[in-house]
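Trainee: with the input below, show me the fold.
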Amino acid sequence: MILQSNALINLSHKQRNLFLGILFDLIGMLTYLVPFLGEFADTIWAPVGGIMLSYMYKGTIGKVGGIIEFLEEILPFSDFIPTFTLTWIYTYVIKNQEK
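Mentor: Now for the predicted structure:
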(Lines give C-alpha, C1' and ligand atoms only; values in the text may rest on other atoms or scores of the structure.)
Protein backbone atom coordinates (compact mmCIF):
# COMPACT_ATOMS: atom_id res chain seq x y z
CA MET A 1 0.00 0.00 0.00
CA ILE A 2 2.79 2.43 0.85
CA LEU A 3 4.59 1.59 -2.40
CA GLN A 4 1.45 2.38 -4.38
CA SER A 5 1.03 5.79 -2.73
CA ASN A 6 4.70 6.63 -3.35
CA ALA A 7 4.27 5.64 -7.00
CA LEU A 8 1.22 7.92 -7.28
CA ILE A 9 3.11 10.82 -5.68
CA ASN A 10 6.02 10.32 -8.09
CA LEU A 11 3.65 10.10 -11.06
CA SER A 12 1.85 13.31 -10.14
CA HIS A 13 5.20 15.05 -9.58
CA LYS A 14 6.34 13.80 -12.98
CA GLN A 15 3.17 15.05 -14.69
CA ARG A 16 3.37 18.39 -12.90
CA ASN A 17 6.95 18.91 -14.06
CA LEU A 18 6.00 18.05 -17.64
CA PHE A 19 3.03 20.45 -17.64
CA LEU A 20 5.03 23.28 -16.04
CA GLY A 21 7.99 22.60 -18.34
CA ILE A 22 5.88 22.90 -21.47
CA LEU A 23 4.19 26.02 -20.08
CA PHE A 24 7.52 27.69 -19.22
CA ASP A 25 8.99 26.76 -22.61
CA LEU A 26 5.98 28.38 -24.29
CA ILE A 27 6.41 31.52 -22.17
CA GLY A 28 10.07 31.67 -23.21
CA MET A 29 9.11 31.28 -26.88
CA LEU A 30 6.34 33.89 -26.74
CA THR A 31 8.93 36.63 -26.87
CA TYR A 32 9.39 35.85 -30.57
CA LEU A 33 5.92 37.27 -31.25
CA VAL A 34 7.05 40.87 -30.66
CA PRO A 35 10.14 41.79 -32.70
CA PHE A 36 12.89 43.69 -30.83
CA LEU A 37 10.77 43.94 -27.68
CA GLY A 38 11.08 40.18 -27.37
CA GLU A 39 14.83 40.29 -26.82
CA PHE A 40 14.31 42.82 -24.02
CA ALA A 41 11.71 40.52 -22.46
CA ASP A 42 14.28 37.71 -22.59
CA THR A 43 16.55 39.68 -20.24
CA ILE A 44 13.73 39.58 -17.69
CA TRP A 45 12.69 35.98 -18.36
CA ALA A 46 16.25 34.54 -18.39
CA PRO A 47 16.92 34.73 -14.63
CA VAL A 48 13.30 33.80 -13.79
CA GLY A 49 13.43 30.74 -16.06
CA GLY A 50 16.81 29.67 -14.70
CA ILE A 51 15.61 29.91 -11.10
CA MET A 52 12.37 28.07 -11.89
CA LEU A 53 14.20 25.22 -13.60
CA SER A 54 16.66 24.83 -10.72
CA TYR A 55 13.72 24.85 -8.30
CA MET A 56 11.80 22.19 -10.24
CA TYR A 57 14.77 19.79 -10.52
CA LYS A 58 16.92 19.45 -7.42
CA GLY A 59 20.62 18.67 -7.37
CA THR A 60 23.07 18.80 -10.23
CA ILE A 61 20.40 18.43 -12.92
CA GLY A 62 18.61 21.53 -11.65
CA LYS A 63 21.76 23.60 -11.33
CA VAL A 64 23.10 22.72 -14.77
CA GLY A 65 19.65 23.01 -16.34
CA GLY A 66 19.12 26.43 -14.72
CA ILE A 67 22.40 27.71 -16.12
CA ILE A 68 21.59 26.35 -19.57
CA GLU A 69 18.09 27.89 -19.42
CA PHE A 70 19.55 31.27 -18.43
CA LEU A 71 22.10 31.20 -21.25
CA GLU A 72 19.53 30.01 -23.79
CA GLU A 73 17.20 32.89 -22.94
CA ILE A 74 19.84 35.59 -22.65
CA LEU A 75 21.56 34.75 -25.95
CA PRO A 76 19.78 36.22 -28.96
CA PHE A 77 17.82 33.94 -31.33
CA SER A 78 18.12 30.80 -29.20
CA ASP A 79 14.59 30.78 -27.74
CA PHE A 80 13.51 27.85 -29.89
CA ILE A 81 15.32 25.38 -27.60
CA PRO A 82 12.78 23.83 -25.16
CA THR A 83 15.15 23.57 -22.19
CA PHE A 84 12.47 22.73 -19.60
CA THR A 85 11.06 19.91 -21.73
CA LEU A 86 14.53 18.58 -22.56
CA THR A 87 15.37 18.54 -18.85
CA TRP A 88 12.17 16.58 -18.17
CA ILE A 89 13.08 14.06 -20.90
CA TYR A 90 16.57 13.68 -19.47
CA THR A 91 15.31 13.27 -15.90
CA TYR A 92 12.36 10.94 -16.43
CA VAL A 93 13.20 9.07 -19.64
CA ILE A 94 16.96 8.90 -20.20
CA LYS A 95 18.03 8.56 -16.55
CA ASN A 96 15.35 5.91 -15.92
CA GLN A 97 16.72 3.82 -18.79
CA GLU A 98 20.18 3.91 -17.22
CA LYS A 99 18.93 2.37 -13.95
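Trainee: what mean pLDDT does the helix or strand hosting residue 44 get?
Mentor: Residue 44 belongs to helix 37-56 when assigned by DSSP states H and E. The average of the pLDDT scores along helix 37-56 is 88.
Trainee: now the helix or strand following it: buried residues?
Mentor: Next in sequence after helix 37-56, counting helices and strands by DSSP H and E, comes helix 59-74. Within helix 59-74, the residues that qualify as buried by neighbour count (16 or more other C-beta atoms under 10 Å) are 61-62, 65-66, 68-70, 72-74. For the C-beta atoms, the positions are set from N, CA and C on the backbone; glycine is no exception.
Trainee: cool, stretch 46-53 as well?
Mentor: For stretch 46-53, burial by neighbour count (16+ other C-beta under 10 Å) applies to 46, 49-50, 52-53.
Trainee: could you dump those to JSON lines with distance to residue 26?
Mentor: Converted to JSON lines, the buried residues of stretch 46-53 look like this (distance: C-beta to C-beta, whole Å):
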{"residue": "46", "distance to residue 26": "16"}
{"residue": "49", "distance to residue 26": "12"}
{"residue": "50", "distance to residue 26": "17"}
{"residue": "52", "distance to residue 26": "13"}
{"residue": "53", "distance to residue 26": "14"}
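Trainee: let me know the closest of these to residue 94.
Mentor: residue 53 (16.6 Å; C-beta to C-beta).
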